[in-house]
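Trainee: below is the sequence, then the predicted model.
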Amino acid sequence: MPADVLLFSNSRPPGAEVPFAHAAEPLRRHLGERVVWFLPWAGHDLDAYTGFVGDALREVLGPLDVRGLHAEPDPAATIRDADPDRETVFGGGGNTFRLRRRVGDNGVLAALRDRTDLRYAGASAGSNLACPTIMTTNDMPIVDPGGLDALGRIPVQINPHYLDPDPHSTHRGETREERIHEFHEENAVTVVGQREGAWLHGTDTSLTLDGYTARLFRRGHEPAELAMGTDLTWLTT
């Protein structure tokens with residue numbers, strides 16, 4: 001039976017000084033007292049990134065054992081051997097293509113696909129990794145990711161940091177909505193455009209938007225606004 005997922009648009013919404021403070025309660029319920037294996041590969045300085053996220057989570061949640069998976073002799077084996085009652089996984093934000101490349105190269109992607117019984121949380125790039133593919137990330141492909149397929153822990157795509165069109169902008173490139181429309185010219189998978197502060201909570205029987213609003217994009221349909229607290233379970237069937 002698949003374990004819960006908690007997928008954030010970002011770690012710190014506008015106006016917030018402390019990362020994850022806007023989501024303290026869902027994080028506390030999700031992580032519990034488990035060891036948190038942090039995936040830092042979307043960043044560059046892996047030790048520093050792990051330390052930053054660990055400190056941020058402890059500031060919000062209190063004592064918490066956060067460990068960088070990159071420091072393990074065999075990260076994939078650590079995932080394969082993890083106890084779902086005592087351990088969980090957190091995918092950090094950064095560059096999604098770099099994250100996908102690293103977890104593909106070191107076997108963590110394959111191990112996580114097999115361990116759907118492990119709870120998974122992610123922010124930004126880490127949330128993209130939980131989707132069927134990483135194709136709705138906003139990031140520049142700074143490395144060849146070795147594939148676009150991801151974990152498939154939820155059956156919809158996330159576009160984190162979703163931005164609404166600014167009628168006063170002088171930018172002449174595609175809006176985020178136009179880019180998602182281009183995605184749907186080639187793909188039929190539903191996309192949830194998560195505005196800053198929003199997250200998706202998925203269980204084996206439900207999918208819910210919380211934290212803030214989002215925008216729903218389905219092929220052949222007009223985009224729809226999603227209020228905080230919207231039940232999206234119907235998208236999983």
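Mentor: Now that the structure is in, tell me what you want to look at. These numbers were taken from a predicted model, which means no experiment stands behind them.
Trainee: could you pull out the buried residues of stretch 163-183?
Mentor: Across stretch 163-183, burial judged by 16 or more other CB atoms under 10 Å covers Arg176, Glu177, Ile180, Phe183. C-betas here are computed from N, CA, C, even on glycine.
Trainee: what's near enough to touch Ala130?
Mentor: Contacts were defined as CB atoms under 8 Å, 6 or more residues apart in numbering; by that measure Ala130 touches Val5, Leu7, Gly91, Tyr120, Gly122, Ala150, Leu151, Gly152, Arg153, Ile154, Ile158.
Trainee: would you say it is within a helix?
Mentor: No: assignment of Ala130 by DSSP: H, G, I helix; E, B strand; the rest coil gives coil, placing it outside any helix.
Trainee: all strands of the chain, in order?
Mentor: Along the chain, the stretches classed as strands by DSSP state E are 5-8, 35-39, 66-68, 87-91, 120-123, 157-159, 191-194, 199-202, 207-210, 214-217, 224-226.
Trainee: so Val89 sits against Ile79, correct?
Mentor: Yes: between Val89 and Ile79 there is a contact at 7.1 Å, judged by CB atoms under 8 Å.
Trainee: before we move on, back to that, pick the one among the contacts of Ala130 closest to Thr133.
Mentor: If you rank the contacts of Ala130 by distance to Thr133 using CB to CB, Ala150 comes first, at 5.4 Å.
Trainee: can you read off the pLDDT for that closest one?
Mentor: The score at Ala150 is 98. That number is its pLDDT.
Trainee: tell me the contacts of it?
Mentor: Neighbouring residues of Ala150 by CB under 8 Å, 6+ apart: Arg100, Leu109, Asn128, Leu129, Ala130, Cys131, Pro132, Thr133, Ile134.
Trainee: how many other residues sit next to the closest residue to the first one other than its chain neighbours?
Mentor: Think Arg100. Nearest in space to Arg100, with sequence neighbours left out and distances taken as CB to CB, 6 or more residues apart in numbering, is Pro145 at 4.0 Å. The local packing count at Pro145 equals 23, with neighbours defined by other CB atoms under 10 Å.
Trainee: sorry, back to before: and for Val89 and Ile79, which residues touch both?
Mentor: The contact sets of Val89 and Ile79 overlap at Trp37, Leu69, Leu112, Leu118 (CB under 8 Å, 6+ apart).
Trainee: quickly list what the first one is bridged to.
Mentor: Using DSSP bridges, the bridge partners assigned to Trp37 are Arg67, Val89.
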